[in-house]
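Asker: let's see this in three dimensions:
(2 chains)
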Protein chains: 2
Amino acid sequence: MSFRDDGHKAVDWAADYLERVGDLPVFAQVTPGDIRARLPQSPPEEAESFDAVLRDLDEIILPGVTHWQSPRFFAYFAVSAGGPGILAELLAATLNSVGVLWRTAPASTELELLTCDWVRQLLGLSGEWRGHIEETASQSTLAALMVARRTTGRNVIVCSDQAHSSIEKGARMLGMETRKVPTDSEFRMVTDGLELDDAAAVVAAVGTTSTTSVDPVAEIADRCAAAGTWLHVDAAYAGSAMVCPEFRWAFEGVHRADSLVVNAHKWLYVPMDCSLLFTRRPEAFRATFSLVPEYLRAAEQDAFNISEYSPSLGRRFRSLKLWATLRCYGAEGLRARIREAIRLAALFEGWVRDEPGWELCAPRPFSVVCFRKEGSDEENEAIVDRVNASGEIFISHTKLNGRYVLRLAIGNEHSTEDDIRRAWDALRDFG
Amino acid sequence: MSFRDDGHKAVDWAADYLERVGDLPVFAQVTPGDIRARLPQSPPEEAESFDAVLRDLDEIILPGVTHWQSPRFFAYFAVSAGGPGILAELLAATLNSVGVLWRTAPASTELELLTCDWVRQLLGLSGEWRGHIEETASQSTLAALMVARRTTGRNVIVCSDQAHSSIEKGARMLGMETRKVPTDSEFRMVTDGLELDDAAAVVAAVGTTSTTSVDPVAEIADRCAAAGTWLHVDAAYAGSAMVCPEFRWAFEGVHRADSLVVNAHKWLYVPMDCSLLFTRRPEAFRATFSLVPEYLRAAEQDAFNISEYSPSLGRRFRSLKLWATLRCYGAEGLRARIREAIRLAALFEGWVRDEPGWELCAPRPFSVVCFRKEGSDEENEAIVDRVNASGEIFISHTKLNGRYVLRLAIGNEHSTEDDIRRAWDALRDFG
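Answerer: Coordinates of the predicted model:
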């Protein structure tokens, strides 16, 4: 095969896909097992052409793709990968740098620290903070919990009943205990009576998963400081909005936390995976993660090895895509996109508010709207099922105060007012 | 920007790089901080062109890259990314599928299970085994240790003094204890007197990091079965060699293990990151990792969600690169490449054996040769430092029986007899 020729075909495939993704059914119209059944059950003995891969990508794989890149993907957190980051992944795979120590990937190591520092500046955090890249928020939070346990010698993780499932899962994976505290009427952690003497860490949310509510981080920071408890802030989704100064009210108190996760692959237009884990206490990370065996001892004693601050030993060149995105969008471009997503969400929120028979179910601080049609849970669930099956849009749900609630999340940089109009029309039609 | 135009430029950059990588100094000729100092310390306010990114990639980043793709990269485990996998990373980033549940990425979920099953067949494992993809071997082993602890209720991990550092690091991150047992004269775990009553898991190696020695897995499996201990096999590097039947002696007893890690990004020509974690006990994984909150409950009750078997919730479409590689190389192509790497290693081993003043330091079962020049540790260390500084080749070292030992690892699919001849010439010149 010619890498160059196949590469140009792959780029054309990618460019065509991005042009037509808005025309495809958003939610994959398949049932479990369909895709696998259409593929050979054993690997080929003889080499095939890359053309054959591209053909099967179109004919077999694509019908099984739920299109996260569609401008009418409104489920979970809408995540979109921009062009610069996509192309940077090609470059990263081409270089195939494996960051084990600084010397094995000097540029990857230094660009990872630098681009995280760029994001730190964009978020309005002080120079005390240092970041590196983990795979997912689950992994970032897991790493923070490991550090919290080692640093405090305690075994309990405290979070609200609205905290992301990765926190309870992380605690369970580590053999730690989770204590969930209640939230108020706006889904924010209640801090009255918060008991932290046995707590290794509090995980506070800036943007919970169900409603994007914001915990009172400043109050929690006071209590953590008094109790010697690690404060980890989960801003995996909403943290990106802090590139706009008008949303920094949500970061109040975050500067006093010990660690913070913001997923650049969620709302900074970087392809999966690019979870940024920041800390003000790198020495505590090093005490938890540094272990350099003889076969990795290197001459550069003063070099910074990210593996000494992270669970994994090897790491790929993920910062290339963050770098390409930050440069090709610019700070102004990021701000404009985030403001537009939030503007669209506010518009949609207004439509729901004004529509008889529909109701809003939570405040909307960012780009996620929680709402429902008056009626039973079953009726609302049926709306979601039907609208998703139609392929017109893809949305998800949650439960709030025991009731089934629809969630519309905006984050794709190509979503327009027309797209959310189509979503609202579809929801009312099916409702 | 035009994604298509920029994409074609990126492909040309990648193709040019792969053509010239053999002419570049293998080991980056920079000192810590050089690269970062040459880049802006703050992100740009305004958008820049992708051309500017490509220009800086050449002028600033590339001098800081240690070229893992060079055919004269012989350090650690030589890892090379083939063309099909590189291009598949572009496609995966374009789709930006986020595998959270089956429904969020049906094709990604099913292709991940299928391609892991293809590798299972290539390795000669029975249909009892099921695999999925983790980021790195560190993460795969960490997941296995979590399952072992939960399944056995015990807290001790047993491995040999030659085991990879990720095992001790993993145990430490989990708050578990590591007990290292000695190895014999050929660096294999000594099983006499192995005490497992308190052991959650034994981690046995098929291909240790220093010498690629193979632990007596069958014997260890007997003892684990008797003691109710989980057996995890670390075949991160050497497992790939099992695609060739003549190397399957090294897998004896592995069919009785509970879990197994084989890194497709190490020696199956797939770009970082693609660590395959296999198990015969998926139900134990599910008991450890399944936690589905309300906002993720889905209609497809019978669908397989990989997140219920893995620490992370979200996962990217890594199987595309594994699929493209397995198809475009074919089983025969993989076998031929692995045989050639081992043939070259045997050739190099013979040169060392026949050269007065040099000595072999360990058996060579696969493609890594451990050797040294007669003389002091300092003299040998100086050889490594000088040969790496020359840029001609890049090698690493280890310590065996207290002595400094050079390691030459072959794994790049483009390494030729001429490349290893150049390595041997350079080593003798500097020695």
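Asker: A:Trp118 falls within a helix, correct?
Answerer: Yes - the assignment for A:Trp118 is a helix, going by DSSP: H, G, I helix; E, B strand; the rest coil.
Asker: next, count neighbours for the closest residue to it other than its chain neighbours.
Answerer: Take A:Trp118 and drop its neighbours on the chain: the residue closest to it by Cβ to Cβ, 6 or more residues apart in numbering or on different chains is B:Pro43, 4.0 Å away. Every C-beta, even on glycine, is put in place using the N, C-alpha and C of the backbone. Counted by other Cβ atoms under 10 Å in any protein chain shown, the residues lying close to B:Pro43 total 23.
Asker: check A:Ile133 too.
Answerer: Count around A:Ile133 with other Cβ under 10 Å applied: 27.
Asker: just confirm yes or no for the one helix or strand it maps to near chain B.
Answerer: For A:Ile133, the host element (DSSP states H and E) is strand A:130-134. No - Strand A:130-134 is not in contact with chain B by Cβ under 8 Å from any Cβ of the partner chain; minimum separation 9.1 Å.
Asker: run through the neighbouring helices and strands of the helix or strand following that strand.
Answerer: On the C-terminal side of strand A:130-134, the nearest following helix or strand under DSSP H and E is helix A:137-152. Secondary-structure packing of helix A:137-152 (3 or more Cβ pairs under 8 Å, 6 or more residues apart in numbering or on different chains; DSSP states H and E): helix A:165-173, strand A:199-205, strand A:230-234, strand A:259-263, strand A:275-279, helix A:282-289.
Asker: residue closest to the middle of chain A?
Answerer: A:Lys266 (3.8 Å; Cα atoms, centre = their mean).
Asker: tell me the contacts of the residue nearest to that residue when sequence neighbours are not counted?
Answerer: In space, and not counting its chain neighbours, A:Lys266 is closest to A:Tyr237: 5.0 Å by Cβ to Cβ, 6+ apart. Listed by Cβ atoms under 8 Å, 6 or more residues apart in numbering or on different chains, the contact partners of A:Tyr237 are A:Phe77, A:Gly207, A:Thr209, A:Thr212, A:Asn263, A:Lys266, A:Trp267, A:Phe366.
Asker: what's the distance between A:Tyr237 and A:Thr191?
Answerer: According to Cβ to Cβ, to the nearest Å, A:Tyr237 and A:Thr191 sit 22 Å apart.
Asker: please tell me how far A:Leu322 sits from A:Phe285.
Answerer: For A:Leu322 relative to A:Phe285 (Cβ to Cβ), the value is 20 Å.
Asker: now do A:Glu381
Answerer: In terms of Cβ to Cβ, A:Glu381 sits 43 Å off from A:Phe285.
Asker: so which of these two has more stuff around it?
Answerer: A:Phe285 (24 against 15).
Asker: any idea how far B:Ala107 is from that one?
Answerer: Counting by Cβ to Cβ, the gap from A:Phe285 to B:Ala107 is 37 Å.
Asker: up against chain B, what does the stretch 251-400 of chain A have?
Answerer: A:271-273, A:288-289, A:291-296, A:299-300, A:302-304, A:311-316, A:320-321, A:323-324, A:326-333, A:385, A:396-399.
Asker: contacts only, for the residue nearest to the centre of chain A.
Answerer: Per Cβ under 8 Å, 6+ apart, neighbours of A:Lys266: A:Phe77, A:Val79, A:Ala236, A:Tyr237, A:Ser240, A:Gly411.
Asker: pLDDT-wise, what's the bottom of these?
Answerer: Among these, A:Val79 has the lowest pLDDT, at 90.
Asker: count the neighbours of that one for me.
Answerer: 25.
Asker: and for the one 5 residues further on?
Answerer: The number of residues packed near A:Pro84 is 29, by other Cβ under 10 Å.
Asker: ok, A:Leu87 next?
Answerer: With other Cβ under 10 Å as criterion, A:Leu87 counts 33.
Asker: quick one on the thing from earlier: closest to chain B among the contacts of A:Tyr237?
Answerer: Of all those, A:Thr209 has the smallest distance to chain B: 5.8 Å, by Cβ to the nearest Cβ.
Asker: which residue, other than its chain neighbours, is closest to the closest one?
Answerer: Nearest one to A:Thr209, counting by Cβ to Cβ, 6+ apart, is A:His164 at 4.9 Å.
Asker: surely the one you found is in contact with A:Gly207?
Answerer: No - using Cβ atoms under 8 Å, A:His164 makes no contact with A:Gly207, being 9.8 Å away.
Asker: joint contacts of those two?
Answerer: With Cβ under 8 Å, 6+ apart, A:His164 and A:Gly207 have common neighbours A:Asp234, A:Ala236.
Asker: the two: which has the busier surroundings?
Answerer: A:Gly207 (28 against 24).
Asker: so that one sits against A:Ser367, correct?
Answerer: No - in this structure A:Gly207 lies outside contact range of A:Ser367 using Cβ under 8 Å: 9.8 Å.
Asker: so who does A:Trp323 touch?
Answerer: A:Ala88, A:Leu111, A:Leu114, A:Thr115, B:Val53.
Asker: cutoff 10 Å now
Answerer: A:84-85, A:88, A:111-112, A:114-115, A:118, A:270, A:317, B:39, B:43, B:53, B:56-57, B:61 (Cβ atoms under 10 Å, 6 or more residues apart in numbering or on different chains).
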